[in-house]
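> Return a 3D structure for these sequence lines:
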Amino acid sequence: MILLDGEITEINTPPNKADQFRELTIWVPETGEHLAMTCYIHDIKKAGLEEGNKISIKIEKKFDVDSLTRDLLKPQ
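Model prediction:
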């Protein structure tokens with residue numbers, strides 16, 4: 001699991017489906033990089049997210065062992 005703290009630096013309207021989505025740009029000081037993610041506008045409004053808000057991002061890597069095994073054993 002990875003836990004990153006960041007700050008929302010921009011909220012933009014993407015060119016397609018602008019009525020449904022917003023693109024968040026998040027500055028992550030730990031990595032020195034900006035992270036862009038697209039979210040439903042309803043979720044952003046519900047959470048009350050705005051530029052300048054501090055947020056935490058939790059990343060969990062999960063994988064399906066059975067699927068991985070099938071892919072490794074699949075004839076090519």
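> which residues touch stretch 54-62?
Here stretch 54-62 makes contact (CB atoms under 8 Å, 6 or more residues apart in numbering) with M1, I2, L3, L4, D5, G6, E7, I8, I26, V28, L35, L49. In this view, the C-beta of every residue, glycine as well, is placed from N, C-alpha and C.
> ugh, wrong one, stretch 17-35
4-14, 36-41, 44, 49, 55, 57.
> buried subset of the residues you listed?
Neighbour counting over the contacts of stretch 17-35 (16 or more other CB atoms under 10 Å) leaves L4, G6, I8, I11, I44, L49 as the buried ones.
> just curious, which of these is nearest to S67?
Closest approach to S67 among those (CB to CB): L4, at 27.2 Å.
> Let me know whether my guess that the closest one is in a strand holds.
Yes. Assigned with DSSP: H, G, I helix; E, B strand; the rest coil, L4 falls within a strand.
> Report the beta-bridge partners for it.
I57 (DSSP bridges).
> which residues of this structure fall in strands?
For the chain, the strands defined by DSSP state E cover 2-12, 21-28, 33-40, 54-59.
> Test my guess that G52 contacts E7.
Yes. Taking CB atoms under 8 Å as the definition, G52 is a contact partner of E7 at 6.8 Å.
> picking up where we left off before, put together TSV for the strands of the chain, with distance to L73 and mean pLDDT on each row.
Output for the strands of the chain, formatted as TSV (distance: least, CB to CB, whole Å; pLDDT from 0 to 100):
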stretch	distance to L73	mean pLDDT
strand 2-12	30	93
strand 21-28	38	94
strand 33-40	35	91
strand 54-59	29	90
